[in-house]
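Novice: Structure of the sequence below:
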Amino acid sequence: MLRHLMRKTAGWLAMIVVATNVTYVLAAWFLDPRANYKETRPVRSEAEIDQALAPYNLDPRVPLVDRWWHWINDVVLHFDWGRSPVGSSVNAEIGFRVLVSGHLVTAATLLSVLVGVGLSVSTASRQYGWWDRITQLVSVFLFNVPAAVAALAVVLLGIWLNQGLGLRFLYVAGEKSPTVEGGLLPTLVDRLQHLALPTLSLTLLGYVGYHLTQRTLLLDAIGSDFVRTARATGLTRAQAIRRHALRASLIPTATSVAFGIPAVFTGAVITETVFGWNGMGQYFIQTIGKNDVHGAVAVAAFGAAMTAIGAILADIAVVLLDPRVRVS
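Specialist: So this is what the prediction gives:
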């Protein structure tokens, strides 16, 4: 198992290196950092703009190969991913925004898995009953709701609850309040108040896939020989599902969750935009809009690294859940 993971890790590392360098070349070709200065007043000449970009390794007069060599040396030797066209550090932006997106999407992912898998077990043991039909109807409806619509509906719900109770206990914008004082507890409460609505929005859309997929997998597993054998020993249908069918059917879901790790840290673009969270998703859109070559490459590299971690965790999950893989 260890040798297998080492081979997989080496392959993914090679993929990350290649993908990151290709992304740098493409970003340097298609993004024009000079555009950030053309609307400034007083108007600068092309030479002045190029001179302003030179300290950030973005001067278009320098050959692309030379810019790439300088950039890759900074990354390898100093883990410095460069500067934006206006001089801000990419490392600082990434470090801050990863935590913001991580807090938001991790909570939503965990809740989505728990709700989705829990509903699938509940409905599979009562197939075609009223509870099964209602939950399927709700899930199919939510599956077709756009993320922006769901986020705006949650915002309106939060405003309505605040107005109805006469309290402002749910916040619809930002990840924290700038004026919170009093130590750890007030800060934690404030963060949770800001976290509640965007987490609800992501959970409403995220649990649907786990619910519908896991329900189908469970129903297939229920008809298997090992589940029928378990039923023959005296277990009820619900007990056989929880003790035997669930573990076998969880393998595709565990793999899906592992590959969802990149989304945890690369952010949820629409939800972050609606709720005003300065996370990775919003940052990626900003890097493209501001022609930030180094920022766009750093986000792409980070996403590739998270994908590699997800793939490795998916392999580990399969080994833990499927004894046939361990035997082989």
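Novice: Identify the residues contacting the residue positioned nearest the centre of the chain.
Specialist: Central residue check for the chain by Cα atoms, centre = their mean: the C-alpha nearest the mean position is that of Ala263, 1.7 Å away. Residues near Ala263 by Cβ atoms under 8 Å, 6 or more residues apart in numbering: Val105, Thr109. (Glycine included, C-beta is placed from N, CA and C.)
Novice: What distance do you get for it to Val269?
Specialist: 10 Å (Cβ to Cβ, to the nearest Å).
Novice: can you check Lys38 too?
Specialist: Counting by Cβ to Cβ, the gap from Lys38 to Val269 is 26 Å.
Novice: between those two, who's got more neighbours?
Specialist: Val269 (16 against 11; other Cβ atoms under 10 Å).
Novice: I'd guessed the more buried one sits against Tyr283; true?
Specialist: No - the pair Val269 / Tyr283 is not scored as a contact, 9.7 Å apart, by Cβ atoms under 8 Å.
Novice: in the stretch 151-300 of the chain, which ranges drop under the pLDDT threshold?
Specialist: 182, 264-267 (pLDDT under 70).
Novice: mind redoing it with 80?
Specialist: Along the stretch 151-300 of the chain, the parts satisfying pLDDT under 80 run over 178-184, 186, 223, 236-238, 241-244, 247-248, 258-268.
Novice: those helices in it, which residues are they?
Specialist: 184-222, 225-232, 237-240, 246-259, 261-266, 269-275, 280-289, 293-321 (DSSP state H, counting those that start in this stretch).
Novice: buried set for the shortest one?
Specialist: What that stands for is helix 237-240. Arg237, Ala240 (16 or more other Cβ atoms under 10 Å).
Novice: List of residues touching stretch 237-247?
Specialist: Under Cβ under 8 Å, 6+ apart, the answer for stretch 237-247 is 121, 124-125, 218, 221-222, 224, 226-227, 230-231, 235, 321.
Novice: Check those residues and tell me the two furthest apart.
Specialist: Pairwise distances across those (Cβ to Cβ) peak at 21.4 Å, for the pair Arg231 and Leu321.
Novice: who's in contact with Asn291?
Specialist: Taking Cβ under 8 Å, 6+ apart, one finds Leu31, Asp32, Pro33, Arg34, Ala35, Asn36, Pro85 in contact with Asn291.
Novice: Phi, psi for the fifth one please.
Specialist: When you say that, I think you mean Ala35. For Ala35, the backbone dihedrals (degrees, to the nearest 10) come out as phi -60, psi -20.
Novice: Look up the closest residue to it, ignoring the ones flanking it.
Specialist: Excluding its sequence neighbours, the residue lying closest to Ala35 (Cβ to Cβ, 6 or more residues apart in numbering) is Asn291, at 5.3 Å.
Novice: Could you measure from the one you found over to Val189?
Specialist: Asn291 is 40 Å from Val189, by Cβ to Cβ.
Novice: likewise Ser139?
Specialist: Relative to Val189, Ser139 is positioned 32 Å away (Cβ to Cβ).
Novice: who's more crowded, these two?
Specialist: Ser139 (20 against 13).
Novice: With adjacent residues omitted, what lies nearest to that one?
Specialist: Ser139 sits nearest to Val208 (Cβ to Cβ, 6+ apart), 4.6 Å away.
Novice: quick one: contacts for that neighbour?
Specialist: Gly116, Ser139, Val140, Leu142, Phe143.
Novice: Quick check: which element contains the fourth one?
Specialist: This means Leu142. Element membership for Leu142 (DSSP states H and E) is helix 130-143.
Novice: Sort out which residues of that helix are buried, please.
Specialist: Asp132, Thr135, Gln136, Ser139.
Novice: What of stretch 241-248?
Specialist: By neighbour count on 16+ other Cβ under 10 Å, the buried set for stretch 241-248 is Ile241, His244, Ala245, Leu246, Ala248.
Novice: Check stretch 313-324 too.
Specialist: Leu313, Ala314, Asp315, Ala317, Val318, Leu321, Asp322.
Novice: ditto for stretch 217-233
Specialist: Leu217, Leu218, Leu219, Ala221, Ile222, Val227, Ala230, Arg231.
Novice: go on, stretch 39-57?
Specialist: Ile49, Asp50, Ala52, Leu53, Tyr56, Asn57.
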